[in-house]
Each structure stands twice: as C-alpha cells, then as structure tokens.
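**Q** Just the structure for this:
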Amino acid sequence: MVDKAAPVRRSCFERKSLEAVVTPARAFWVREPGIGEIRQCFVEYNDADEVLVETTYSAVSRGTETLVFTGRVPPSQYDVMRAPFQEGEFGGPVKYGYLNVGVVREGPVHLVGRTVFCLYPHQTHYVVPADVVTVVPDDVPPARAVLGGTVETAVNALWDARPLIGDRVAVVGAGMVGCAVAGILATFPGLRLQLVDIDPARQQVADALGVEFVTPDGAADGCDLVVHASTTEAGLRKALELLRADGRVIELSWYGDQDVSLPLGERFHSARLTVRSSQVGTVARPDRTHAERMQLALTLLRDARFDALITGESRFEELPDVLPALADGSLPALCHRIAY
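**A** As a prediction, this is how the structure comes out:
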C-alpha cells in the first residue's frame, strides 16, 4: 500500500530562479485497464530546492499496482489510494508507482551524485522537491534499495503490532509485504515464528530469510499475534483460527473492490479476538516522522537476506508486457525489479 504523505509543492513566491534544465524522459502509463504504454515527456529543473533524478531502478509493488493496472480500485478509495506523484486518474490514463531509486543529477550540492529513494512512478528522469527524497546508505546496493517502500510498510505494521520477546507469531501470506515483515521479525529474540502460505515454492524465500515455512494445515495455533498479508478471505479466516484467547490480528491486506466475509460468531467474541488494520499512510508512532520511518527502512536493507524478495527483473521498455503478466499470474513474482 502506498504512503499517503504526499509532498506539498512550494508556492511561486518561494521559488529560487535558476537557468532551467529541460530533460527528455519516458514514463510508464496505464492507458486503460489492462493496457500499458511508454510515453515521452520532458521534465524541467529550475529550482534550487528541487532535485533532478535519473532513475536507476524501480520496482512493481505487485499487489497494489496490479489492482491499479486492472482498474480494480473502487471509486470510494480514489483519494486514499493516490500515490504522491501520481498523474491522471484511476481507470486510466494514470501514471502510478512508488518504488524508485535513482541518482541526483541536479540539485543541492550535498545531494548531487547521491543515490536516493523516492515514492515516484516508473519514469526515466523526474524532478521533485529535495526534501522528499531519502539518501540510500552507502552500504545498501541500489538494486536492493527499491524495497524501501515495502520495508517501510513492514516497519509501520510492526509498530502497530508491538511484538514482545517470547511471543508466538505467525505471518500469513508470503507475498512481498508478508516476507518483509517476517524478515524483520526473524531478528527479534525468543519468538516462535512461522511464515504461512499455500504456495510451497515460498519455502525457498523463507529459508533465505531464516524463517520457518509452513502451509496452512501445518501452522501452529495459540498465537499471540498474527500478521495477515495474503489478500484473501481464506487467509484472514486462518489468521483468526491461529490466535489464542485475547490474540491479535494485524491486517495488512488491501482488498480493492472485493467483499470479505469473516466468522465473527463462533469464538470471536468469547475469545476476545482483535483485528486491527495497519496502513502505511499514517505513521504508527506519534514520536516518528515519515522521513525517519523511511530512513529506518533503508537502514534495515543493509541486510542481504532481503535480496530474496526480488524474484525477477525486466528492462523499463518491457513494462507494457510485464504488468499484464504480473496481473494474470503468468509471471509469478514477489518484487519484480525494473532496470533502466
């Protein structure tokens, strides 16, 4: 899910005039549901408080971006789902995305030449306010840094979840976000931790993360905490089944236009179970800012285990073919990286 902390553009009275640098660029757009295209454009840098970034890598956030690509964002969620630098409207044409790593070519002296992460769509060059990019630590490879937005979502979820030493925890759904959550939890001391998914092929990713993998039938019950990220009704039902009395589910899935039915009779009330949503648009700790949360996420990506979340790569020019394949499942992936 996208971070809704959209940046505010400065007024014309605050702009500091420079000689404009106009750069040709190409961007990926969803022309209409199920059809994407590469469009030519130009970006203009002429403000000392902005940066001109040349993209090195972007990545497809498979769950959210395939919902956008297939036109399945419900109208009631159009405002909530807007990406910080989205152009156009849902249903198409729309330029959407929020996992982008590039190099600053123009801007403040302390940023020029630095590799930065930004919540920007798939585009070869772009101009944004300098204060919305986050410098990638020198010891984090740019090819891994595209996971910054995903790990930020996981950090926020765990701030909501507040796991304790010795907790019995399950992560249901070994997708991109679920694996990021499990990867962080694997560093907590004393947890009984399982990653639960219906796809046995996710065993390989779990092994790389150092997490026990089980299918739903093999999942241990009595959990204090279950983080649900499968985006399925069956997964959320399973999450409730795994809880002990007074246990909690942290719900990370976003279902688009799907209705979800839950067994809120049975033991839900007698066992005092809790389902709590977690969404990255709101920082789950009032003592932290969006910028601090993102910097923490990028710092966590020093850990090479997270490379296991990147399961494929394509060239930017291939995006019009990549998105349909991700959407219909013919191209299985957790995070699919785009190289420029």
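
**Q** now the strands for the stretch 1-150 of the chain?
**A** Per DSSP state E, counting those that start in this stretch, the stretch 1-150 of the chain carries strands over the ranges 17-32, 35-47, 50-61, 87-88, 94-95, 100-106, 115-118, 125-129, 134-135.

**Q** so which of those strands gets nearest G183?
**A** G183 lies closest to strand 50-61 among those, at 16.0 Å (Cβ to Cβ). To be clear about C-beta, it is placed using only N, CA and C from the backbone, and glycine gets the same treatment.

**Q** so how far is that closest one off the chain centroid?
**A** Averaging C-alpha positions (Cα atoms, centre = their mean, to the nearest Å) puts strand 50-61 15 Å from its chain's average.

**Q** Report all helices and strands that the helix or strand hosting G247 contacts.
**A** Under the criterion DSSP states H and E, the helix or strand holding G247 is strand 243-251. With contacts defined as 3 or more Cβ pairs under 8 Å, 6 or more residues apart in numbering; DSSP states H and E, strand 243-251 has these neighbours: helix 148-161, strand 223-228, helix 233-241, strand 274-277.

**Q** do you know which of the strands of the stretch 1-150 of the chain lies nearest L319?
**A** Distances from L319 to each of the strands of the stretch 1-150 of the chain were compared by Cβ to Cβ, and the smallest falls on strand 17-32, at 4.6 Å.

**Q** Only the C-alpha atoms, please, for the closest one, written as CSV.
**A** Output for strand 17-32, consisting of C-alpha atoms alone and laid out as CSV, is shown next (Å, rounded to 0.1, in the frame of the first residue of the first chain):
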residue,chain,number,x,y,z
SER,A,17,15.1,31.1,-10.0
LEU,A,18,17.8,29.2,-11.9
GLU,A,19,18.5,28.6,-15.5
ALA,A,20,16.1,25.8,-16.4
VAL,A,21,17.5,22.4,-17.2
VAL,A,22,15.0,20.6,-19.5
THR,A,23,15.5,16.9,-19.8
PRO,A,24,13.7,14.4,-22.1
ALA,A,25,12.1,11.5,-20.2
ARG,A,26,10.0,8.4,-20.7
ALA,A,27,7.2,7.2,-18.3
PHE,A,28,5.0,4.2,-18.0
TRP,A,29,1.3,4.9,-18.1
VAL,A,30,-1.8,2.7,-17.7
ARG,A,31,-3.8,3.9,-20.8
GLU,A,32,-6.9,1.9,-19.7
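
**Q** Would you mind getting the angle between it and strand 100-106?
**A** Here strand 17-32 points in a direction 160 degrees away from that of strand 100-106 (axes from the mean of the first three to the mean of the last three Cα atoms, to 10 degrees).

**Q** What residues sit buried inside strand 17-32?
**A** 23, 25-30 (16 or more other Cβ atoms under 10 Å).
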